[in-house]
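In: Prediction below, plus the sequence it came from.
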Amino acid sequence: MIPLNPGTVLAVHSYKGGTGKTMISMNLSAILAKQGKNVCLIDLDLRAPSLDATFAANGKYWINDFLSGKCEPMDMLKDFSKEKNTNGRLLLALANPSMEAIREIVTKDKRWEMGALRRLLSLKEFLTNNLALDYMIMDTSPGLSYGSINAVAASDLVVVVSTWDASDVTGTQGMIGELYKLLEKRAIVIMNKIPEQLIVGEELRERLADQFKRAFKLPVVNLLPCYCDVLRQERATIMALDKPDHPFSKSLAEVAREVEKAEQKPIPRQTKP
């Protein structure tokens, strides 16, 4: 059990799409940057990019280009600190949303993916050594694609996002048991879109959290209800910045505190039996 260090890499991962993983990645990054941390948020869902809808950028280069060795880090990084009025740096590495780029990613082979992992690891070193990075947060593709495995492999801590749907819970259990144990990764769980009536009152909340903790054999750091008004927000809205007093924003602020606690109070790794 080794504490997290400066330049901590978080992979925000889920078994299925539609869990709210991207919204959590985006808001968690914004909260940490608002607190004065230097953060780089990376869209690694290369087959279904979405962060560009919130962070409009018209740059020449994308994370796709960096992973392919076509550019250097500063060519594709965009600084949104002033625009979002954060106290720390908020850097973005966006994925190319064009259909041409997505078709190209689909054709990439294992050799390219191995090279992409090396580039990803070199990016962490660059950000830590040159830009005083505190957190590199990767919004991964769901499931067990090469890209998501690379993100998990490059991470110091995996933030797993699951819903209470039975197939999602079962798939997440399998993913934790196979992938995270194989790679010996530390992980925490956020349960999202929980029906509000199931977590009314502290006793019900604790009972359900304990149930999921036993199911996943991992710390469950928060249970988030399904906030319909959050789902209705325009993609350009970052709730944690625009509505910091909203319960969703406050819940993710608690998650940010749990992530930071991991630096002083390490959590167990998933280890092979």
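Out: Great, that's in hand.
In: From here on, just use CA atoms for contacts and neighbour counts.
Out: Fine.
In: all helices of the stretch 51-200 of the chain, in order?
Out: Assigned helices in the stretch 51-200 of the chain, in chain order: 63-67, 73-76, 81-84, 99-106, 110-131, 146-154, 166-175, 181-183 (criterion: DSSP state H, counting those that start in this stretch).
In: which intervals of this structure have sub-threshold pLDDT?
Out: Along the chain, segments meeting pLDDT under 70 span 1-6, 234-235, 262-273.
In: 50 instead?
Out: Low-confidence regions of the chain, defined by pLDDT under 50, span residues 1-3.
In: max-length strand in it?
Out: If you go by DSSP state E, the chain has its longest strand at strand 186-194.
In: what angle separates that one from helix 146-154?
Out: Interaxial angle, strand 186-194 versus helix 146-154 (axes from the mean of the first three to the mean of the last three Cα atoms, to 10 degrees): 130 degrees.
In: residues in contact with strand 186-194?
Out: Defining contact as Cα atoms under 8 Å, 6 or more residues apart in numbering, one finds that strand 186-194 is touched by 19-20, 156-164, 180, 218-227, 267-270.
In: again, 7 Å this time
Out: 19, 157-164, 218-226, 267-270 (Cα atoms under 7 Å, 6 or more residues apart in numbering).
In: Which strands and helices lie in contact with the helix or strand just after it?
Out: Moving toward the C-terminus from strand 186-194, the next helix or strand (DSSP states H and E) is helix 202-216. Using 3 or more Cα pairs under 7 Å, 6 or more residues apart in numbering; DSSP states H and E, no helix or strand is in contact with helix 202-216.
In: Tell me the strands beside the helix or strand following helix 202-216, with direction?
Out: Where DSSP H and E defines the elements, the next helix or strand beyond helix 202-216 is strand 220-225. Using DSSP bridges, strand 220-225 pairs in its sheet with strand 186-194 (parallel).
In: now the strand it pairs with, how far from the chain's geometric center?
Out: Distance of strand 186-194 from the chain centroid (Cα atoms, centre = their mean, to the nearest Å) equals 11 Å.
In: Put the alpha carbons of it into PDB.
Out: The C-alpha trace of strand 186-194 is given here as PDB (Å, rounded to 0.1, in the frame of the first residue of the first chain):
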ATOM      1  CA  ARG A 186      -6.000   0.400  -6.400                       C
ATOM      2  CA  ALA A 187      -9.600   1.400  -7.000                       C
ATOM      3  CA  ILE A 188     -12.600   3.200  -5.400                       C
ATOM      4  CA  VAL A 189     -16.200   3.100  -6.500                       C
ATOM      5  CA  ILE A 190     -18.900   5.800  -7.100                       C
ATOM      6  CA  MET A 191     -22.400   4.500  -7.400                       C
ATOM      7  CA  ASN A 192     -24.400   6.800  -9.700                       C
ATOM      8  CA  LYS A 193     -28.100   7.200 -10.700                       C
ATOM      9  CA  ILE A 194     -29.300   5.500  -7.600                       C
END
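In: any idea of the angle it forms with helix 202-216?
Out: Relative orientation of strand 186-194 and helix 202-216, computed by the same axes, to 10 degrees: 130 degrees.
In: Give me the angle between the longest strand of the chain and helix 166-175.
Out: Using the same axes, to 10 degrees: strand 186-194 against helix 166-175 is 180 degrees.
In: Buried residues, strand 186-194. List them.
Out: 186-194 (16 or more other Cα atoms under 10 Å).
In: Would you reformat the residues you listed as JSON lines and include distance to Ser68?
Out: Formatted as JSON lines, the buried residues of strand 186-194 follow (distance: Cα to Cα, whole Å):
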{"residue": "Arg186", "distance to Ser68": "28"}
{"residue": "Ala187", "distance to Ser68": "28"}
{"residue": "Ile188", "distance to Ser68": "31"}
{"residue": "Val189", "distance to Ser68": "31"}
{"residue": "Ile190", "distance to Ser68": "32"}
{"residue": "Met191", "distance to Ser68": "34"}
{"residue": "Asn192", "distance to Ser68": "34"}
{"residue": "Lys193", "distance to Ser68": "36"}
{"residue": "Ile194", "distance to Ser68": "39"}
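In: So for stretch 165-179, what gets flagged as buried?
Out: Quick answer for stretch 165-179 (16+ other Cα under 10 Å): 168-169, 171-173, 175-177, 179.
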